[in-house]
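Engineer: After the sequence you'll find the predicted model.
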Amino acid sequence: MIGIFIALISGALMSLQGVFNTEVTKQSSVWVSASWVQFSALLTCLAIWAVFDRTSLMTIGKVNPRYMLLGGIFGAFITYTVIQSMSALGPAKSTMLIVIAQLTVSWAVELFGMFGVDKGAFSWRKLIGLLVAAAGVVLFEWET
């Protein structure tokens, strides 16, 4: 149950962050905005680490495989693409497409057991659920 609650909070925060970042971009530039997002995230993480964790920062050097350390680079491009898509499509359409893309890629990673994730079995139910979600985007955007 706690996982569902945390996932819902995460989705809400991602949507709000996209709106905020898009507005900051309008008053600065996309890379200034993205830099601020990443910098303020770093400061927040360091503050939370200092209060609650204190695991040695050097443990990051033990991460294997090394390509797993690319998450921060993904984060920079996530920030950029969310800002650009929200600016071009608006928050609702952008978020729906982002969620469909997340669901599709996440299921593919699980289905093929990529990046150390346990391989999952193909399920028609999951495929139908993905297609229903995509159809929901079409219905949501349908102009009468």
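Structural biologist: Yep, it's here.

Engineer: pLDDT weak spots in the protein?
Structural biologist: 144 (pLDDT under 70).

Engineer: for it, what spans make up the helices?
Structural biologist: Along the chain, the stretches classed as helices by DSSP state H are 2-27, 30-52, 71-89, 91-112, 124-141.

Engineer: Who are the packing partners of the second one?
Structural biologist: In terms of contacts (3 or more Cβ pairs under 8 Å, 6 or more residues apart in numbering; DSSP states H and E), helix 30-52 is packed against helix 2-27, helix 71-89. Placement of C-beta: from N, CA and C, glycine included.

Engineer: Touching it from outside, list them.
Structural biologist: Helix 30-52 is contacted by residues 17, 21, 24-25, 28, 55, 57, 72, 75-76, 79-80, 83-84 when judged by Cβ atoms under 8 Å, 6 or more residues apart in numbering.

Engineer: Of those, keep whichever come out buried.
Structural biologist: Neighbour-count burial (16 or more other Cβ atoms under 10 Å) applied to these gives Q17, N21, V24, T25, T79, Y80, I83.

Engineer: export the contacts of helix 30-52 to CSV and tack on distance to W142?
Structural biologist: Formatted as CSV, the contacts of helix 30-52 follow (distance: Cβ to Cβ, whole Å):
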residue, distance to W142
Q17, 27
N21, 28
V24, 32
T25, 29
S28, 35
T55, 50
L57, 50
G72, 38
G75, 33
A76, 34
T79, 30
Y80, 29
I83, 26
Q84, 24
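
Engineer: Cheers, nothing more for now.
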